[in-house]
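> Need a 3D model of the following:
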Amino acid sequence: MKGLKFPIDFTFKITTLSNDFIAKDTDENVVVYVKQKKFKFKESVEVFQDTSKQTLSYKIKADKWIDFSAAYSISNATGNFVGKVARKGMASIWKAEYDIIDQFEQSQFKIKEENAWVKVMDFLLGQVPIIGLFTGYLFNPVYLVTNNSGKIVVKLKKESSLVDHRFKVSKEGNIDDDDVERIILSLMMMVLLERGRG
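Coordinates of the predicted model:
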């Protein structure tokens, strides 16, 4: 996942039951195909090179559970540890917050939801018949990735759409390729988790 051309789009099809999505770059080239394994006690996600699912690029697996917290280890195709994304327990109930941890087990970046009210309104109106069909068009959360100095380096925003769920990832600051890889994979896991929560 080197030399990515931003923005990157994550696209879910709402007509399918699976929790899978395609990531494409600004030239519409497939970056990866992400597939979440069903019926697993712990989350398990496979990241393939493309939709053929012939070449596995990464694996993401839940490796710790403490109260409402969970950490997800990321490894590449050869089994080497890339990093980890960890949900911030009770803090994430109101407003999504995650730590991105590097290959040396050091906290490197944070993912924070910009405005928790967007999620609340999306959930509440989503329960109303007919109106609930349009919440995906009206309410679009934004997630900010910041470095340890608090500077925004990447932004993920849900796009307005009625026929699918689409998220756009834009690069906001200078980051090297290894960090881009870790951030994008962490955002992929976060999107799967947050999408499941509403």
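
> switch to C-alpha atoms for all contacts and neighbour counts from now on
Fine.

> Could you give me the buried positions within the lengthiest strand in the chain?
Criterion DSSP state E: the longest strand present in the chain is strand 56-66. When burial is assessed from 16 or more other Cα atoms under 10 Å, strand 56-66 yields the following buried residues: L56, S57, Y58, K59, I60, K61, A62.

> The following helix or strand past it pairs with which strands, and in what direction?
Sequence-wise, the next helix or strand downstream of strand 56-66 (DSSP states H and E) is strand 69-76. Each strand that strand 69-76 pairs with, and the sense of that pairing, follows from DSSP bridges: strand 56-66 (antiparallel), strand 81-87 (antiparallel).

> so which of those strands gets nearest D25?
Among the strands paired with strand 69-76, strand 56-66 comes nearest to D25, with 16.7 Å by Cα to Cα.

> circling back to that earlier point, how about the CA coordinates for the longest strand of the chain, as PDB?
The C-alpha trace of strand 56-66 is given here as PDB (Å, rounded to 0.1, in the frame of the first residue of the first chain):
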ATOM      1  CA  LEU A  56      -4.100 -11.600   0.800                       C
ATOM      2  CA  SER A  57      -2.300  -8.400   1.800                       C
ATOM      3  CA  TYR A  58      -3.100  -7.900   5.500                       C
ATOM      4  CA  LYS A  59      -4.900  -9.400   8.400                       C
ATOM      5  CA  ILE A  60      -6.600  -7.500  11.300                       C
ATOM      6  CA  LYS A  61      -7.600  -9.400  14.400                       C
ATOM      7  CA  ALA A  62      -9.000  -8.500  17.800                       C
ATOM      8  CA  ASP A  63      -6.400  -9.500  20.400                       C
ATOM      9  CA  LYS A  64      -7.500  -7.800  23.700                       C
ATOM     10  CA  TRP A  65     -10.800  -7.200  25.400                       C
ATOM     11  CA  ILE A  66     -10.900  -5.000  28.500                       C
END
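
> Please state the offset of that strand from the chain centre?
Using Cα atoms, centre = their mean, to the nearest Å, we find the averaged C-alpha position of strand 56-66 to lie 13 Å away from the chain's own average C-alpha position.

> Please dump the strands paired with strand 69-76 into JSON lines; it should also carry mean pLDDT for every row.
Formatted as JSON lines, the entries for the strands paired with strand 69-76 read as follows, by pLDDT from 0 to 100:
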{"stretch": "strand 56-66", "mean pLDDT": "83"}
{"stretch": "strand 81-87", "mean pLDDT": "94"}
